[in-house]
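need coordinates for the following:
(2 chains)
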2 protein chains.
Amino acid sequence: MPERETDKRIIKKLETEAEEIINMAKSKKNPKVSIPLRGLSNVYFDKKDKIIKLGDKQQTRTFFNIGQAKKFMQTFLVANACKEIIETGKTTSIRDLYYMTKHTIGETEENTFDEQSESDPIIEDIEVSFDALREELHLFASSKGAIVGDITIVDSGDDIDCRKQGSGGHAIPSICEADVIQFKECEAKYVLFIEKDAVWRRFNEDKFWKKHKCIIIHGQGVPPRGVRRLLRRMTDELKLPLYVLVDADPWGLYIYSVIKQGSINLAYESVRMAVPSARFIGLSAMDWEKYKLPKEVIIRLNEEDKRRIKEILKYPWFQKPEWQKELHYMVEKNVKLELEALSRKHISFITDTYLPERIEKKQWLE
Amino acid sequence: MPERETDKRIIKKLETEAEEIINMAKSKKNPKVSIPLRGLSNVYFDKKDKIIKLGDKQQTRTFFNIGQAKKFMQTFLVANACKEIIETGKTTSIRDLYYMTKHTIGETEENTFDEQSESDPIIEDIEVSFDALREELHLFASSKGAIVGDITIVDSGDDIDCRKQGSGGHAIPSICEADVIQFKECEAKYVLFIEKDAVWRRFNEDKFWKKHKCIIIHGQGVPPRGVRRLLRRMTDELKLPLYVLVDADPWGLYIYSVIKQGSINLAYESVRMAVPSARFIGLSAMDWEKYKLPKEVIIRLNEEDKRRIKEILKYPWFQKPEWQKELHYMVEKNVKLELEALSRKHISFITDTYLPERIEKKQWLE
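Have a look, this model is predicted:
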């Protein structure tokens, strides 16, 4: 039996659910399980908490139903595998879990799963139904991203002094729950999330985090779950403000949006991953004029960009006048900008002028 | 003026080349520069050194030539930008370099570069012509990959004890040259490169590197330049054997092949990046029968796989009978296997049985 409180809690949940099913069967009822719907129809923006949440629509999965029997079986197969993994005290990948649960049924040619695309949604079902993060089920996703800065963290028992992580930084693991990662000495005044690893490297090389007492993190594009969890825990537990630095384009705004409000796909995780207090510190399309950048650094919007901006203009969390102004500017002037455009001023313009100025003058959007 | 020997050497080269061009112009000759051809037509497998190399075919780029004038100008624009970056002592991304060198020419509507796809090949031209690694030009690519194991490395002046890197590991920087990364205490007996970060995590969680005194590295798929340079330097300077663990499929063989012989695209870098002594430690398609794995873990070859295997069968470095046997087995039995397939035995079968057994019994291919 595992010793950790989270493990005990999750195993208890899995066992209780399984026992209920067995009891239904014993009392000759049709065994069923209720699973919250995860589609767009059951997702909404909670204006009070300022995050994307899952509604309360449920679907029922029953055993005696030709269309549902296989999924019913898969649900408990995956739940059982998760329980076994938790009991070993190890963690594993969702790909591994697929292989562990894939087998041919009896003498048939029928497999429990044919593709991982079948087992992944079942994992999500279990996450939602049992109110357990994937990480709490001991499953990890691909890991991306790195951290350096004015903090010491503990990763699986090892002290990681993020002030002494060289040019590479500490690789952020996929599972950043409190039993894996703890925070120790922290002098940082804020956390800066940077979309691109190449730009992060500029900040690290210039020792920006030392001069400005902060923590810098990148997630190689859209941050993976581990990075999002880490950002959330840092704002919650260390009470640090979070600044998000992305390209001035719809993709950058999407990344900011995922960090701040959560994503529609993972709406059920927003409560534990989103950082509604996150601040957009740049890049603004208007920086082109503000910093007198030459016209050749401008990237023109393509059709997909225009379509995306139209959508973004309608999102409830982009309704503030400043946001609407930013988005309309992008469309009317036909301007996208990448963070690297600032290098036309000089190589370290972003670290020695742009960012310090934006933060000092409180030039962020929320 | 920079103090580092490499920097001085590269700047000297850049200046010498530029002076030659100026002298040609002064003496009313058509300024020209010779650049080794990088296409397939100038790539060959050196049987003695066992790496893919660039031949000695050259192209000439002249100034007074309508078709070459722009490229000529771009070449010296990029060379000049590299010189400036080296002189600042900083490093930057190839994206940044594109922005730094992109500008509108005079009163025209003509840009020096319109897309990064124009400046990237120019960087490669300079690498080849000036016999300078991109990293020595202070340019970095995207970074991927992590390291843990029985070694302490120095990264930009910081000691990184790879025995104490928690679950995440140290993120491998893009530039792994000797002036950035140095090796200190090392008790490791070998280096293990693992294709997938999720499988690497299994090895790290099981503290495989501690039990077997080794270094484990992943590169998230095809390893980036930094990881390849690190592997090469470890085998050269620490005299450690390198084992490569990949999926049993054409993609896995490609990754192994890139590490061992170099790639056709980067043939000019093989001499400094390839590890001809690298050993393929698995996965073998034959492991399916050897380890009595169930048939449902098999993935069938698609048309692209079949085409790739036909090509691989002809590569000079896959001509040994054992390799031909492996490849023919894959085709005849129609079997691909992923590393995760071993988890069907049990979650840590790969770390407690498979790999130790393969190494102990010397079951590798070269």
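
okay, CA-based contacts and neighbour counts for the rest of this
Fine.

phi, psi for A:Val43 please.
phi -120, psi 140 (degrees, to the nearest 10).

residues contacting it?
Contacts for A:Val43 (Cα atoms under 8 Å, 6 or more residues apart in numbering or on different chains) come out as A:Ile52, A:Lys53, A:Leu54, A:Gly55, A:Ile264, A:Ala267.

just the pLDDT for the first one.
Translated: A:Ile52. pLDDT, A:Ile52: 95.

and if you look at A:Gly169?
98.

in stretch A:205-214, what counts as buried?
Across stretch A:205-214, burial judged by 16 or more other Cα atoms under 10 Å in any protein chain shown covers A:Glu205, A:Asp206, A:Lys207, A:Phe208, A:Trp209, A:Lys210, A:Lys213, A:Cys214.

which among the contacts of A:Val43 gets closest to B:Leu97?
B:Leu97 has its nearest neighbour among those in A:Ile264, at 36.3 Å by Cα to Cα.

thinking again about what came up before, could you identify the most distant pair in the contacts of A:Val43?
A:Gly55 and A:Ile264 (11.6 Å).

which of the contacts of A:Val43 sits closest to B:Ser117?
A:Ile264 (34.1 Å).

pLDDT score for the closest one?
87.

what sits against it?
A:Ile264 touches A:Leu40, A:Val43, A:Ile52, counting by Cα under 8 Å, 6+ apart.

one more: A:Leu301?
A:Val331, A:Asn334, A:Val335, A:Lys336.

can you rerun that using 6 Å?
A:Leu301 is in contact with A:Asn334, counting by Cα atoms under 6 Å, 6 or more residues apart in numbering or on different chains.

now A:Lys32: closest residue in space that isn't a chain neighbour?
A:Thr62 (4.2 Å; Cα to Cα, 6 or more residues apart in numbering or on different chains).

show me the shaky parts of the stretch 201-350 of chain A.
For the stretch 201-350 of chain A, no stretch has pLDDT under 70.

for the longest helix anywhere in chain A, output the C-alpha coordinates as PDB.
The helix that spans the most residues within chain A, counting by DSSP state H, is helix A:5-26. Backbone C-alpha positions of helix A:5-26 (Å, rounded to 0.1, in the frame of the first residue of the first chain) are rendered in PDB as follows:
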ATOM      1  CA  GLU A   5      -1.700  10.800   0.900                       C
ATOM      2  CA  THR A   6      -2.500  11.500  -2.800                       C
ATOM      3  CA  ASP A   7      -1.900   7.900  -3.700                       C
ATOM      4  CA  LYS A   8      -4.100   6.600  -0.900                       C
ATOM      5  CA  ARG A   9      -6.900   9.000  -1.900                       C
ATOM      6  CA  ILE A  10      -6.800   8.100  -5.600                       C
ATOM      7  CA  ILE A  11      -6.700   4.300  -4.900                       C
ATOM      8  CA  LYS A  12      -9.600   4.700  -2.500                       C
ATOM      9  CA  LYS A  13     -11.600   6.500  -5.200                       C
ATOM     10  CA  LEU A  14     -10.800   3.800  -7.800                       C
ATOM     11  CA  GLU A  15     -11.700   1.000  -5.500                       C
ATOM     12  CA  THR A  16     -14.900   2.600  -4.300                       C
ATOM     13  CA  GLU A  17     -16.000   3.100  -7.900                       C
ATOM     14  CA  ALA A  18     -15.100  -0.500  -8.800                       C
ATOM     15  CA  GLU A  19     -17.000  -1.900  -5.700                       C
ATOM     16  CA  GLU A  20     -20.100   0.000  -6.700                       C
ATOM     17  CA  ILE A  21     -20.000  -1.600 -10.200                       C
ATOM     18  CA  ILE A  22     -19.600  -5.000  -8.700                       C
ATOM     19  CA  ASN A  23     -22.500  -4.400  -6.300                       C
ATOM     20  CA  MET A  24     -24.700  -3.300  -9.200                       C
ATOM     21  CA  ALA A  25     -23.800  -6.500 -11.000                       C
ATOM     22  CA  LYS A  26     -24.500  -8.600  -7.900                       C
END
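
state the mean pLDDT of the following helix or strand past it.
Downstream of helix A:5-26, the next assigned helix or strand under DSSP states H and E is strand A:32-36. Per-region confidence: strand A:32-36 scores 92 on mean pLDDT.

what's the domain layout of chain A?
Annotated domains of chain A cover A:5-30+A:65-140, A:146-360 [automatic domain parsing].

between the two ends of the last one, how far is it?
By that I understand domain A:146-360. 25 Å (Cα to Cα, to the nearest Å).

sweet, I'm off.
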